[in-house]
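In: starting from these lines, generate the structure:
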Amino acid sequence: QVQVVQSGGGLVQPGGSLSLSCEVSGRFYIVFAMDWYRQAPGQERELVASITKPGATDYADSVKGRSTIHGDVALKTVNLELNNLKPEDTAVYYCNARVRRTALESPSDNWGQGTQVTVSS
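Out: Numbers count the residues shown, from 1 in each chain. Predicted coordinates:
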């Protein structure tokens with residue numbers, strides 16, 4: 001079994017910063033990649049940032065330049081830092097650990113429980 005647990009989030013004023021954390025545990029071969037998604041009310045889930053190994057990252061245009069995704073070498077703990085937050089960043093944020101359970105299997109998705117981020121004065 002793979003467990004994915006998120007922490008962080010909450011209420012932040014516009015222009016502020018916050019950090020979200022995602023930890024993966026359980027029995028598996030490797031964490032292939034970690035993604036952060038967000039979903040605002042009435043909108044589709046949006047990919048915010050991804051990391052496949054330390055230094056190999058990708059960001060949505062909506063957060064590029066004001067966010068950083070980083071993790072340990074094994075990607076068992078990955079953090080998403082968000083700066084200069086805007087009201088439109090308000091959403092439920094989810095991490096997704098793409099995990100290979102064995103050396104022979106393709107990566108499968110394993111979702112965290114979601115955490116609310118609200119940007120408001």
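In: the spatially closest residue to residue 53 that is not a sequence neighbour: neighbour count?
Out: Excluding its sequence neighbours, the residue lying closest to residue 53 (Cβ to Cβ, 6 or more residues apart in numbering) is residue 75, at 7.2 Å. From N, CA and C alone the C-beta is placed, and that goes for glycine too. Neighbours of residue 75 under the rule other Cβ atoms under 10 Å: 21.
In: what's near enough to touch residue 75?
Out: 24, 31, 33-34, 51, 53, 97 (Cβ atoms under 8 Å, 6 or more residues apart in numbering).
In: neighbours of residue 68, just the number please.
Out: Per other Cβ under 10 Å, the neighbour tally for residue 68 reads 16.
In: return the set of buried residues in the helix or strand hosting it.
Out: Counting by DSSP states H and E, the element that carries residue 68 is strand 67-71. Going by neighbour count (16 or more other Cβ atoms under 10 Å), the buried part of strand 67-71 is 67-69, 71.
In: now swap in stretch 88-104 and tell me
Out: In stretch 88-104, counting by 16+ other Cβ under 10 Å, buried: 89-99, 101.
In: make JSON lines from those and add distance to residue 114 and secondary structure to it.
Out: Shown next, in JSON lines, are the buried residues of stretch 88-104 (distance: Cβ to Cβ, whole Å; DSSP: H, G, I helix; E, B strand; the rest coil):
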{"residue": "89", "distance to residue 114": "15", "secondary structure": "helix"}
{"residue": "90", "distance to residue 114": "14", "secondary structure": "coil"}
{"residue": "91", "distance to residue 114": "10", "secondary structure": "strand"}
{"residue": "92", "distance to residue 114": "5", "secondary structure": "strand"}
{"residue": "93", "distance to residue 114": "7", "secondary structure": "strand"}
{"residue": "94", "distance to residue 114": "5", "secondary structure": "strand"}
{"residue": "95", "distance to residue 114": "9", "secondary structure": "strand"}
{"residue": "96", "distance to residue 114": "11", "secondary structure": "strand"}
{"residue": "97", "distance to residue 114": "14", "secondary structure": "strand"}
{"residue": "98", "distance to residue 114": "17", "secondary structure": "strand"}
{"residue": "99", "distance to residue 114": "18", "secondary structure": "strand"}
{"residue": "101", "distance to residue 114": "23", "secondary structure": "coil"}
